[in-house]
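> the sequence and its predicted three-dimensional model are supplied below.
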Amino acid sequence: MADALENDQPLLVANALSKSYGRIAACRDVSFALYPGEVLAIVGESGSGKSTLLQMLSGQLAPSAGHVSYRMRDGITRDLATLGEAERRFLFRTDWGFVHQDPAQGLRMAVSAGANVGERLMAVGWNHYGRIRDTASDWLTRVEIDIARIDDAPRTYSGGMRQRLQIARNLVSEPRLVFMDEPTGGLDVSVQARLLDLVRSLVAELHLAVIIVTHDLAVARLLSHRVMVMKGGRVIETGLTDQVLDDPREPYTQLLVSSILPP
Amino acid sequence: MTAMIEIADAKKTFTMHLQGGIELPVVSGVTFNVNPGECVVLSGPSGAGKSSILKMIFGNYRCDSGRIGIRHRGAVVDLATAEPRQVLNIRRSTIGYVSQFLRAVPRVATIDVVAEPLIVNGMARADAQVRAGELLHRLNIPERLWQLPPATFSGGEQQRVNIARGFISDLPILLLDEPTASLDAANRAVVVELIAEKKRQGVAMVAIVHDDEIRHLIADRIVDVTSFAAAA
């Protein structure tokens, strides 16, 4: 992590991003820079604009104003809006990951777990079946899925296993940036703890940059370096995660923090 | 001598928006320096703002005004205005914090909890674990517990794990918040010894200790926090 955090070139820059639907402003004037290896949590309640923001950042939704730029693997920073459809898809298959709250959205539920992981490798040109299968088993082990289940389809998996499989599928192509949308949202508390712990160690080991949307401040505290609090489509407070959570300044942030049950 | 910490006129107030916006002054005019190899103990009654000052030096609490100068890799950085990324860098390579309570990460083995600060700074896992084991030994945590997560340990055991984690790295500044609070006499003596070793290595320390005997043993200088009482 040492080098990653000291790398002075941002990986992704959001510049005055806004999105409105007719007269409703879902997201207003959001700017920030994300550096390699940095984990940023976007917190706020439903309707605060955090999911809209995540969609714009990941190039799935065109902003009404402002732009997102990303430093590609060749070192050149480009505006997402200027990328062609093929280039955007390639980014999504290689340098980016996207972990959905509902694993069914990020997995192919009817094909085997091994194929779910292997598919991303084939998309970047791997064609040796043995190597693909070895790498897939390797990743299943890393996310604590029993290799004996490699040929089973994820629809036969529990919720926690599906979510871990989705993470393996995303990380196998060695992305530099992973977007996560409420990754622990639908899980039991005990399953959540295990998943968070796994994500936390993988993020540190692989020097991943992560943008994670969550309404759960405990998730933000455990995983993120930095936090942005959103309300009514605006970022109302931002800073180091422990600073914002231990010394919140804005009335809304104080309300959020005071609403957490003590551990 | 060049100070490691230079605090000048730092001020902290809490505004409690949920209680009708009451202003809660904590401290103001906080001014003192800490030199390498020196342990400064903050004194004053409960509620005088000792922990708040420690948290301001760690960048955990933000300052309303004033300056928290930290010598980081040869240059002085003002923590009160530093960017989040810079604060993280400073915490990784300059300032360590030993809090009263371990914020345990579920499922991580004790030995790895202790070794983590070294691994983050680039030491090989095996070497870091050897150092972690030595410290756990000194702090009387039996080896059969090392592979277990500390979440289920007793309060005193958790605190010793936390102390091991705080003392393992070679950071030039250490902040100690009641490091001996729930320890027995033997373990208190170990902590006093660890602090003495850090002084010999030139580490600058700021500590809060309520125990008079321990304070007497570790303090090179006492800073009375009541002199920074904020005008209510």
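Looks like it came in fine. If you're wondering where the values come from, they're calculated on a predicted model, not measured in any experiment.

> ranges for the helices of the stretch 51-200 of chain A?
Assigned by DSSP state H, counting those that start in this stretch, the helices in the stretch 51-200 of chain A fall at A:85-93, A:103-106, A:113-123, A:129-142, A:159-171, A:189-206.

> possible to save these as CSV with mean neighbour count?
Yep, even glycine has a C-beta here, placed from its N, CA and C like the rest. Formatted as CSV, these follow (neighbours: other CB atoms under 10 Å in any protein chain shown):
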stretch, mean neighbour count
helix A:85-93, 14
helix A:103-106, 18
helix A:113-123, 21
helix A:129-142, 16
helix A:159-171, 23
helix A:189-206, 17
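
> I'd like to know which of those helices is closest to chain B.
Closest approach to chain B among the helices of the stretch 51-200 of chain A (CB to the nearest CB): helix A:189-206, 4.6 Å.

> anything in that closest one near chain B?
Yes. Helix A:189-206 is in contact with chain B by CB under 8 Å from any CB of the partner chain, via A:Ala193, A:Arg194, A:Leu196, A:Asp197, A:Arg200, A:Ala204.

> which element, helix or strand, includes the residue nearest to the fourth one when sequence neighbours are not counted?
Nearest in space to A:Asp197, with sequence neighbours left out and distances taken as CB to CB, 6 or more residues apart in numbering or on different chains, is B:Arg107 at 4.7 Å. With elements delineated by DSSP states H and E, B:Arg107 resides in a region that no helix or strand encompasses.

> from A:Val213, how far out is the residue nearest to A:Phe98 when sequence neighbours are not counted?
Counting by CB to CB, 6+ apart, A:Phe179 is the residue found nearest to A:Phe98 once chain neighbours are left out, at 4.8 Å. Here A:Phe179 is placed at a distance of 8 Å from A:Val213 (CB to CB, to the nearest Å).

> which one of the two has more residues nearby?
Neighbours were counted for A:Phe179 and for A:Val213 using other CB atoms under 10 Å in any protein chain shown; A:Val213 has more, 28 against 24.

> quick check: bridge partners of that one?
A:Ile42, A:Asp181 (DSSP bridges).

> dump the residue contacts of it.
A:Ala41, A:Ile42, A:Val43, A:Lys50, A:Ser51, A:Leu53, A:Leu54, A:Met180, A:Asp181, A:Glu182 (CB atoms under 8 Å, 6 or more residues apart in numbering or on different chains).

> out of the residues you listed, which is nearest to B:Asn33?
A:Ala41 (35.7 Å; CB to CB).

> and whichever strand or helix holds B:Ala126, what does it pack onto?
For B:Ala126, the host element (DSSP H and E) is helix B:125-138. Helix B:125-138 sits against helix B:110-120, helix B:155-167, with contacts defined as 3 or more CB pairs under 8 Å, 6 or more residues apart in numbering or on different chains; DSSP states H and E.

> rerun at 6 Å
Applying 3 or more CB pairs under 6 Å, 6 or more residues apart in numbering or on different chains; DSSP states H and E, one finds that helix B:125-138 makes contact with helix B:110-120.

> identify the contacts common to A:Phe179 and A:Val213.
Jointly contacting A:Phe179 and A:Val213 under the rule CB atoms under 6 Å, 6 or more residues apart in numbering or on different chains are A:Leu54.

> and residue 37, how many neighbours?
Defaulting to chain A. Counted with other CB under 10 Å, residues neighbouring A:Gly37 total 22.

> please refer instead to chain B.
Using other CB under 10 Å as the criterion, B:Gly37 is surrounded by 17 other residues.

> got a list of contacts for the longest helix along chain B?
If you go by DSSP state H, chain B has its longest helix at helix B:185-200. Identification of contacts with helix B:185-200 by CB under 6 Å, 6+ apart yields B:Gly37, B:Arg138, B:Leu139, B:Phe167, B:Pro179, B:Thr180, B:Leu217, B:Ile218.

> stretch A:178-193 now?
Identification of contacts with stretch A:178-193 by CB under 6 Å, 6+ apart yields A:54, A:58, A:97-101, A:159-160, A:195, A:208, A:210-214, B:106.

> buried subset of the residues you listed?
A:54, A:58, A:97-101, A:160, A:195, A:208, A:210-214 (16 or more other CB atoms under 10 Å in any protein chain shown).

> spatially, which two of those are the most separated?
Going by CB to CB, the pair spanning the buried ones among the contacts of stretch A:178-193 furthest: A:Ser58 and A:Gly160, at 24.2 Å.

> re earlier: turn the helices of the stretch 51-200 of chain A into CSV, columns for distance to B:Cys63 and mean pLDDT.
Shown next, in CSV, are the helices of the stretch 51-200 of chain A (distance: least, CB to CB, whole Å; pLDDT from 0 to 100):
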stretch, distance to B:Cys63, mean pLDDT
helix A:85-93, 41, 89
helix A:103-106, 43, 94
helix A:113-123, 47, 94
helix A:129-142, 42, 95
helix A:159-171, 39, 94
helix A:189-206, 30, 86
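
> centre of the chain to stretch B:134-151, how far?
Here stretch B:134-151 shows a centroid-to-chain-centroid distance of 21 Å under the convention CA atoms, centre = their mean, to the nearest Å.

> would you mark the buried spots in that stretch?
Buried residues in stretch B:134-151 (16+ other CB under 10 Å): B:Leu135, B:Leu136, B:Arg138, B:Leu139, B:Ile141, B:Leu145, B:Trp146, B:Pro149, B:Pro150.

> which single one of those residues is nearest to A:Leu80?
Of all the buried residues of stretch B:134-151, A:Leu80 sits closest to B:Pro149, with 41.3 Å by CB to CB.

> tell me who's in contact with that closest one.
Taking CB under 6 Å, 6+ apart, one finds B:Arg107, B:Val108 in contact with B:Pro149.

> got it, and the one 10 residues further on?
With contacts defined as CB under 6 Å, 6+ apart, B:Gln159 is in contact with B:Ser182.

> recalculate using a threshold of 7 Å.
Neighbouring residues of B:Gln159 by CB atoms under 7 Å, 6 or more residues apart in numbering or on different chains: B:Leu102, B:Ala181, B:Ser182, B:Leu183.

> how far away is B:Ser93 from B:Ser46?
Taken as CB to CB, the span from B:Ser93 to B:Ser46 is 33 Å.

> neighbour count winner among those two?
For B:Ser93 and B:Ser46, the more surrounded residue by other CB under 10 Å is B:Ser93, and the numbers stand at 18 against 7.

> mind listing what that one touches?
B:Arg73, B:Asn121.

> from B:Pro117, how far off is it?
B:Ser93 is 10 Å from B:Pro117, by CB to CB.

> what of B:Ala75?
For B:Ala75, the distance to B:Pro117 - CB to CB - is 22 Å.

> got it, and A:Arg221?
18 Å.

> between the two, which one's more packed in?
A side-by-side neighbour count of A:Arg221 and B:Pro117, using other CB under 10 Å, places B:Pro117 first with 21 against 17.

> now that one: closest residue in space that isn't a chain neighbour?
B:Pro117 sits nearest to B:Ser169 (CB to CB, 6+ apart), 4.3 Å away.
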